[in-house]
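A.B. asks: Build the 3D model from these lines:
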Amino acid sequence: MQNTRAAKRFVLIALTLLSACGASGPTPSGGASVSGAPGEYLVGRFALAEGDYAIAAANLLKAAEQDPGDPEVTLQAFIASVDAGRPEAVKLAKQLPGNPVAQLVLADADAKAGHWQAAEQRFRALPRQGMTQLLQPLLVAWAQQGMGQTDAALGTLRPYINNDRFRDLFVLHAAMIADVANRPGEAGRLYRIIATDMAETNLRLAQTMASWQARSGHAVEAQRTLAALPLIASDMSIAMPGLLSSVTKRPVAKPTDGIAEAYFTLAALLRGQEANDFALVMLHLALDMRPDFAASRILASDTLDSQNHPRMALAILNDVSPTDPILPVVQLRRVILNEKMGRTEEALRDLERMSRDYPNSPLPDFQRCDILRRKNRYADAIAACDRAIARIAAPSAGDWPIFYARGVAHERSHQWDKAEADFRAALKLSPDQPFVLNYLGYSFAEMGRNLPEARKMIEIAAERRPDDGAITDSLGWIQFRSGETDAAVKTLQRAVELDPEDPTINEHLGDAYWAAGRKIEARYQWQRALTLKPAPEDLVKLKAKLADGGPGAVARGL
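C.D. replies: Residues are numbered from 1 along each chain as shown. Next up is the predicted model:
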């Protein structure tokens, strides 16, 4: 929730955070002068880069004990301890007086101990640059609220509320402070500003706003606020009963919760700028203040998964409370991570159980359909999608992926009439959906059917997603099939640039080169496609083209 100008400037905040914190995640490579414990240090740095914070902290703490005078070892041990939630982080923070994250850790320790005046002083002492331009006033205000000084807390935020830069963020925290202080009139005024300015929602904002609305006697508005969540995150639909039943609970009930919320907000902004290592530091600070903060665990898990650490992404979700209203969302995320790690049967069993536990939700069966489809188990995938669709009382725009997935499974199992019906049902729900338009249009082109309609579909898809390699390939392929060789070559060259590792796109470019008389380049593209693990049927076609010279060999059955 920030305006465009502020969002553009946030890159600078992230970069300043990089220089202030020191690197938390790079692989060990000659940065530190480690004299006493190189083994533990290197193992710790590698584990840190791999997202294995427990092992990183254990080894780096040993290295720090053996070489206490090395500032680089101390810094890395501190960062690992923060990420692992180790209590040693506080002790190490005292050795890093110039590090802003160390000062945050010390201030947080004061806040958790109820030493709010000391916490406020530490927050005020943070340098007013980089990340602290945004974070410091929020933390100072929550510390003041911790001392019971609501007027001072709101006064701290007032100048930022009157400024366009990140205004909505400061209004939201001011509203939560007034809410915690049991000032419903002032809280309501501030919440109404958010409701008026809110362009789009997210989980935390929706929970906060719906809670205030419900507690203010506006139950219908609260339901409407929560109902918007699945429109931006489809998996939230399975959590809707829990969210509605717990709507009157305050998401932020005390000042330490507010501090955790501030860290979470900064982490989300850093994540948006792909400063993932430092987003994780902020998320671990949030979880240190509030271990039951499920939204922080989900964001941390997503961040770790984006860094190719699915095992650690799964582990951080294990501590989500079984009574948390978004537990079913967490369960779905666990399934995805298990399947990513090759535990397909475990993932399918979990989804079968979830299908029984949440009989009104199509999501577990849809997820089963998607996994089974990717495993080429098309009959089982179709059956799972049938179950998912049967649970949808009135299909809406957000349900198009289920019909699309079943359509793909029907097409792959050579049931084209059923596949086409599913694709058209998906388009009826979401008419301009580029993936559906592309799949249906490309299928028509391959069959030589409905070519004008196919071309229109693919052109719309390409307009919606101009940088998608597969869709650009479809556009080039239909140009090729229509005899527009020169245009096809240019379009397919662009497709290869966008997705150079796709064997089908490389094969198509080879076919276009051959038709254009560029036979040496055609053979090169086919040879390259062979190295990219094409499907078995495509492998046969490529070998025939290379052996006999061109697409004609395939047509003759050679």
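A.B. asks: From here on, just use CA atoms for contacts and neighbour counts.
C.D. replies: Noted.
A.B. asks: What is the subsequent helix or strand relative to the lowest-mean-pLDDT helix or strand in the chain?
C.D. replies: Lowest by mean pLDDT, DSSP states H and E among the helices and strands of the chain is helix 4-21, with a mean of 34. Scanning forward in sequence from helix 4-21 by DSSP states H and E, the next helix or strand is helix 38-49.
A.B. asks: Need the CA coordinates for the helix or strand following that next one. PDB is fine.
C.D. replies: Where DSSP H and E defines the elements, the next helix or strand beyond helix 38-49 is helix 53-66. This file holds the C-alpha atoms of helix 53-66, laid out as PDB (Å, rounded to 0.1, in the frame of the first residue of the first chain):
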ATOM      1  CA  TYR A  53      19.900 -21.100   9.600                       C
ATOM      2  CA  ALA A  54      20.200 -23.600  12.400                       C
ATOM      3  CA  ILE A  55      23.400 -25.100  11.000                       C
ATOM      4  CA  ALA A  56      24.700 -21.700  10.000                       C
ATOM      5  CA  ALA A  57      24.100 -20.300  13.500                       C
ATOM      6  CA  ALA A  58      25.700 -23.300  15.300                       C
ATOM      7  CA  ASN A  59      28.900 -23.100  13.200                       C
ATOM      8  CA  LEU A  60      29.200 -19.400  13.100                       C
ATOM      9  CA  LEU A  61      28.700 -19.100  16.800                       C
ATOM     10  CA  LYS A  62      31.500 -21.600  17.300                       C
ATOM     11  CA  ALA A  63      33.700 -19.600  15.000                       C
ATOM     12  CA  ALA A  64      32.900 -16.400  16.900                       C
ATOM     13  CA  GLU A  65      33.800 -18.100  20.200                       C
ATOM     14  CA  GLN A  66      37.200 -19.200  18.800                       C
END
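A.B. asks: and helix 53-66, what other elements does it pack with?
C.D. replies: Contact here means 3 or more Cα pairs under 8 Å, 6 or more residues apart in numbering; DSSP states H and E; on that basis helix 53-66 packs against helix 38-49, helix 71-84.
A.B. asks: quick one: low-confidence parts of the stretch 251-400 of the chain?
C.D. replies: Nowhere does the stretch 251-400 of the chain drop to pLDDT under 70.
A.B. asks: Helices of that one, start to end?
C.D. replies: 255-272, 276-289, 294-306, 310-315, 327-340, 344-357, 363-374, 378-390, 400-412 (DSSP state H, counting those that start in this stretch).
A.B. asks: any chance of those helices in a markdown table, plus mean neighbour count?
C.D. replies: Output for the helices of the stretch 251-400 of the chain, formatted as a markdown table (neighbours: other Cα atoms under 10 Å):
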| stretch | mean neighbour count |
| --- | --- |
| helix 255-272 | 23 |
| helix 276-289 | 25 |
| helix 294-306 | 22 |
| helix 310-315 | 20 |
| helix 327-340 | 20 |
| helix 344-357 | 16 |
| helix 363-374 | 24 |
| helix 378-390 | 20 |
| helix 400-412 | 24 |
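A.B. asks: okay if I get those as JSON lines plus distance to Asn59?
C.D. replies: Below are those laid out as JSON lines (distance: least, Cα to Cα, whole Å):
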{"stretch": "helix 255-272", "distance to Asn59": "26"}
{"stretch": "helix 276-289", "distance to Asn59": "19"}
{"stretch": "helix 294-306", "distance to Asn59": "21"}
{"stretch": "helix 310-315", "distance to Asn59": "17"}
{"stretch": "helix 327-340", "distance to Asn59": "27"}
{"stretch": "helix 344-357", "distance to Asn59": "33"}
{"stretch": "helix 363-374", "distance to Asn59": "38"}
{"stretch": "helix 378-390", "distance to Asn59": "46"}
{"stretch": "helix 400-412", "distance to Asn59": "46"}
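A.B. asks: closest to Gln207 out of those?
C.D. replies: Ranking those by proximity to Gln207 (Cα to Cα) places helix 294-306 first, at 10.7 Å.
A.B. asks: Show me what the closest one packs onto, helices and strands only.
C.D. replies: So helix 294-306, by 3+ Cα pairs under 8 Å, 6+ apart, packs with helix 255-272, helix 276-289, helix 310-315.
A.B. asks: Out of these, which is closest to Leu475?
C.D. replies: Short answer: helix 255-272, nearest of the helices and strands packed on helix 294-306 by Cα to Cα, at 31.1 Å.
A.B. asks: ok, and what's touching the closest one?
C.D. replies: 10, 14, 111-112, 135, 138-139, 142-143, 145-146, 173, 176-177, 180, 252, 276, 278-280, 282-283, 285-287, 289-290, 296, 299, 303 (Cα atoms under 8 Å, 6 or more residues apart in numbering).
A.B. asks: hang on, the earlier thing: could I get the helices and strands packed on helix 294-306 as a markdown table with distance to Ile505?
C.D. replies: As requested, these are exported to a markdown table (distance: least, Cα to Cα, whole Å):
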| stretch | distance to Ile505 |
| --- | --- |
| helix 255-272 | 31 |
| helix 276-289 | 32 |
| helix 310-315 | 29 |
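A.B. asks: any idea which residue sits dead centre in this protein?
C.D. replies: Asp302 (5.0 Å; Cα atoms, centre = their mean).
A.B. asks: Setting aside sequence neighbours, what's the nearest residue to it?
C.D. replies: Leaving aside its sequence neighbours, Asp302 sits nearest to Ala313 (Cα to Cα, 6 or more residues apart in numbering; 6.8 Å).
A.B. asks: again with Pro251
C.D. replies: Pro251 sits nearest to Thr208 (Cα to Cα, 6+ apart), 5.9 Å away.
A.B. asks: What's the local residue count around the one you found?
C.D. replies: If you count neighbours by other Cα atoms under 10 Å, Thr208 ends up with 23.
A.B. asks: Tell me the helices and strands packed up against the host helix or strand of it.
C.D. replies: Element membership for Thr208, per DSSP H and E: helix 203-215. Here helix 203-215 touches helix 184-197, helix 219-227, going by 3+ Cα pairs under 8 Å, 6+ apart.
A.B. asks: which other residues reach the last one?
C.D. replies: Yep, that's helix 219-227 we're talking about. In contact with helix 219-227 (Cα under 8 Å, 6+ apart) are residues Ala206, Gln207, Met209, Ala210, Ser211, Trp212, Gln213, Ala214, Met240, Leu243, Leu244, Val247.
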